[in-house]
Structure formats: structure tokens, C-alpha cells
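# curious how this folds, go ahead:
(2 chains)
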Amino acid sequence: MENTLIALEVMGLGMLAIFAVILVIIGIVSVLTRLSRTPSSKEDGRDAPPGA
Amino acid sequence: MDFLLSGIMAITWQQLIMYLIGGLLIYLAIKKGFEPALLLPMGFGAILVNLPFSGVLDQTLQGGIQAHGIIQWLFETTIEASEALPILLFIGIGAMIDFGPLLSNPKMMIFGAAAQFGVFFSLVIATLLGFGLLDAASIASVAAADGPTALLVSQIFNSNYIGAIAVAAYSYMALVPIVQPFAIKLVTTKKERLIRMPYNPRNITKTTRILFPILVTIIAGLVAPMSVSLVGFLMFGNLLRECGVLSSLSQTAQNEFANIITLLLGITISFSMRADQFVNLQTILIMGLGLLGFVMDTIGGVLCAKIMNLFLPQGKKINPMIGAAGISAFPMSARVIQKMALQEDDQNHLLMHAIGANVSGQIGSVLAGGILLNLIPALIG
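Reported below is the predicted structural model:
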């Protein structure tokens, strides 16, 4: 039972940590893509893969 | 004449079962096309290591002469001592991944986190079934849907069940087309599966593509330092791909390098499929927990999309099936979602959204592995 309680704690903290990291990455990617849409940086861009 | 019969006389019923399991893995690899690059070497290796007095394992011969076995040596040096093979494979995987669809629609990345739910759910269930925490965490890593991560976690935690974990990790990845549709239909309505999502790709600059692997490594490394070997090598491979000046190295990493590592990994892992360690009730439990983990990963991703839909306006809603693609099994999961979407509506193309979620699953799974490696020892104390 003690192991299960620790596992539940790992579950809570683990999911929290993964979401936190992913949200930070989403934020940074959003900033990067916004910045890279400025005219000066467009020349080194390449197209994303074509959509379906 | 006795020496001619000594091998036959020494066969145990457990070893006979392992020959059948080896044969089954080879059958699945050849006839069904299930992860053949890994299941075939593992299947053949399972036969090799279970032959009595097998020369691929260390043996003490008559007169006390020590003979070294190649598979045991490979295992002890490349997996047990250094975890080198699973980690190095990440360079190849990273070089194969195009993060473009993800960078084009970064919110898809949230599903790479949500679809790791099965990892932690199966951890809890494994402890309820009586496994110790280290073994339970190793078993839970099967649900990361990422073979190298599962191997690394179970090796670092010195699990007794690494053979069963490897077989479960790789065979369930191959069974994604069967497991995921079942789990998705369990928690979605037809109306939800019909939601259309337009795809408007953004221009992703080379600078963004180069900065992405570097920043992800730093962020993940700061939160879960043990994930650095996983995330770092994955992103190193991706940097080789995206930097634009190392195309030869990138091609090598994607092809020859990844092939050599995969070939060695399969046959080396078979060391842990020796009958005395593999044929037991725990193996069946581990296979069941792996299946449960995959189902809960899928449900976690789908429910996350459904929760997001509560806050999104009409026309911007997400097809919940996309959430299921947040597992690491790439590109099988994205293909499954695309196929399911087309079955419901032959004009509903979700592939690029699903690929975005699916590549984020690669990041999510190594993060989940790293977090297990960080949290479990810290909480055990």
C-alpha cells in the first residue's frame, strides 16, 4: 500500500511536470514562430510539409 | 556418446516454451510485419540463449575453463554497463523526425503530454499487483510506447523483468492499429469522430527548426535531468537533420547507424529472455499491464482533446481522435487516426494534425521516462 501511495504521488507530480515542460515548449515555439514571421527572417524559411 | 546427447537431455520444459515464443516472434515479424527489425532478432535470439549450454552465454567448461558468450558480452557491455544501445538509437530516431507539422501547430504538443497518462496509471496498477516500485516503474515505461525508453528505464532500475518488458514494448507498438481504434471508440461518439479540422501550415524558418531541439533539451534537462540522455540524443539527431550542413551525417544516422544499432539491440536484448527468467506468471502480468497502459495512453489523449473542446468555439474544435496520436508510436498512431477519420468521413483528412501530435509523443515519452528516473529514487529516499 505504501508503494501505491508513492506511485500515486509520482502520477500526480509526473503528469504535472510533463504538462509544465510541454506548455513552456509550446510558449517558446509560439514566440519563435511569431518572431520568424517578421519580413527580415523570411528568406531563410522553408515551407512546412504540404497539408492533406 | 554421452556428450552427443547431453544437450538434448538438458532441455527443460521452460526452454521448450521459449523456442515457441521465439518462433512466434519470428512469425509475427515475417508474416504479420510487426516491428520485424526488432522482433525477428529477438525471436531468433530467444532460441539461441535457450539452447542448453549455449555458446552465446558465458559457460564454465570441464576443467574449469571459462568461455565467454557473445550475446552475454554484448548485453553486459552495451546495455547493462552503459545503456549505450538504446540511447544511441535515439540519435537515429531524432534524425528521422520532422518536427515541421508540430512547429506549424504547436498546440498539438499538449497531446504528447496527455497521452503519457497510461505510463503513470500502469505504475499505480503494477504496485497494486505487488510489484516493487522500481519494477513497477520499469513495467510502466512500456506504456511510453517507446522501446528504447522502456529498455533504458528498466535497465537503470535494474529490473528483473527486462526481457518481458522489451517484448511487451515492441509487440504492443506493432499492435497500435488494433489497440487504438478499440480504445478511441470506447470514449468518443460518432459525432466527435466526424469533427473536421482545416490544416493551414505556417512557414517554419530554418532558425526555428535549429533552435527547437536546443531549447527543448535545455528545458527538459532543467526539469528532469535524468531525461537528458534521452531527450539530448533525440534532439542531437534532430539537430544533425535540421542544421543543413551535415546532411551526410544526418543520412547516416537515419539509415546505416540506426540499422546497425537496431540489429544489435534486438539480438542483445534476447539475453534477458532466458527461460529461467522469462517463463513465469509475472511475464503474463507485464504483458497485461503493457496493454492496459497503451489503452489508458489513448484514453488520456482523447479525454484531453475533449476537455480542450469545452473551451474552444465552434469551428475551432479538435477532433478528439487526434489526442490519441500523442503516443510515441510513430508514425503508426498518426496513420491509424487518419484511417479512422476517413472511415467516418472520406473527406476528413487529419493526417498532418495527427503527425504533429505523434511527434510530440516522442518528446512526451522520453520526458515520462526521465521523470520516472528522477522521481522514483527521490521519493523512495
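# quick one: low-confidence ranges for chain B?
Under the criterion pLDDT under 70, the flagged ranges of chain B are B:1.
# how about the strands of it, start to end?
With DSSP state E, the ranges of strands along chain B come out as B:59-60, B:66-67, B:203-205.
# same thing with chain A?
Listed from the start of the chain, chain A has strands (DSSP E) covering A:45-47.
# for B:Ala115, find the nearest of the strands of chain B.
Minimum separation from B:Ala115 across the strands of chain B (CB to CB) falls at strand B:203-205, 23.3 Å. Using the backbone N, CA and C atoms, a C-beta is placed for each residue, glycine as well.
# can you give me the helices in the stretch 151-300 of chain B?
Assigned by DSSP state H, counting those that start in this stretch, the stretch 151-300 of chain B shows helices spanning B:162-174, B:176-187, B:190-193, B:206-223, B:228-242, B:247-252, B:258-269, B:275-278, B:281-311.
# before we move on, what about the stretch 1-150 of chain B?
Using DSSP H, counting those that start in this stretch, the helices assigned to the stretch 1-150 of chain B run over residues B:2-10, B:13-31, B:36-49, B:70-75, B:84-96, B:100-104, B:110-114, B:117-128, B:133-140, B:147-156.
# could those be laid out in TSV, adding distance to chain A?
Shown next, in TSV, are the helices of the stretch 1-150 of chain B (distance: least, CB to the nearest CB, whole Å):
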stretch	distance to chain A
helix B:2-10	39
helix B:13-31	29
helix B:36-49	25
helix B:70-75	28
helix B:84-96	14
helix B:100-104	4
helix B:110-114	4
helix B:117-128	4
helix B:133-140	5
helix B:147-156	12
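# CSV for these, including distance to B:Met173?
Converted to CSV, the helices of the stretch 1-150 of chain B look like this (distance: least, CB to CB, whole Å):
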stretch, distance to B:Met173
helix B:2-10, 35
helix B:13-31, 12
helix B:36-49, 9
helix B:70-75, 21
helix B:84-96, 13
helix B:100-104, 20
helix B:110-114, 16
helix B:117-128, 13
helix B:133-140, 15
helix B:147-156, 7
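# make TSV out of those helices and add mean neighbour count.
Written out in TSV, the entries for the helices of the stretch 1-150 of chain B read as follows (neighbours: other CB atoms under 10 Å in any protein chain shown):
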stretch	mean neighbour count
helix B:2-10	9
helix B:13-31	17
helix B:36-49	23
helix B:70-75	19
helix B:84-96	23
helix B:100-104	25
helix B:110-114	29
helix B:117-128	26
helix B:133-140	28
helix B:147-156	28
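# which among the ones you listed is found nearest to B:Phe294?
Among these, the nearest to B:Phe294 by CB to CB is helix B:117-128 (6.2 Å).
# show residues contacting the closest one.
Applying CB atoms under 8 Å, 6 or more residues apart in numbering or on different chains, the contact partners of helix B:117-128 are A:3-4, A:6-8, A:10-11, A:14-15, B:133, B:135-137, B:139-144, B:289-290, B:292-301, B:368, B:372.
# now swap in stretch B:339-347 and tell me
Applying CB under 8 Å, 6+ apart, the external contacts of stretch B:339-347 come out as B:Pro177, B:Pro181, B:Ile184, B:Lys190, B:Arg193, B:Leu194, B:Arg196, B:Asn319, B:Met321, B:Asn348, B:His349, B:Leu350.
# swap the cut-off to 7 Å and go again
If you take CB atoms under 7 Å, 6 or more residues apart in numbering or on different chains as the criterion, stretch B:339-347 is touched by B:Pro181, B:Ile184, B:Lys190, B:Arg193, B:Leu194, B:Asn319, B:Met321, B:Asn348, B:Leu350.
# which residue is the nearest non-sequential neighbour of the last one?
Nearest-residue entry for B:Leu350: B:Ala341, 4.4 Å, with adjacent residues in sequence omitted and distances by CB to CB, 6 or more residues apart in numbering or on different chains.
# give the burial count for that neighbour, as a bare number.
Counted with other CB atoms under 10 Å in any protein chain shown, the neighbours of B:Ala341 add up to 26.
# ditto for B:Ala67
Around B:Ala67 there are 11 other residues, counting by other CB under 10 Å.
# next: B:Val176.
Using other CB under 10 Å, B:Val176 is surrounded by 21 other residues.
# ok, now B:Ile214?
A count of neighbours around B:Ile214, defined by other CB under 10 Å, yields 13.
# contacting residues around it?
Applying CB under 7 Å, 6+ apart to B:Ile214 gives the contacts B:Leu239.
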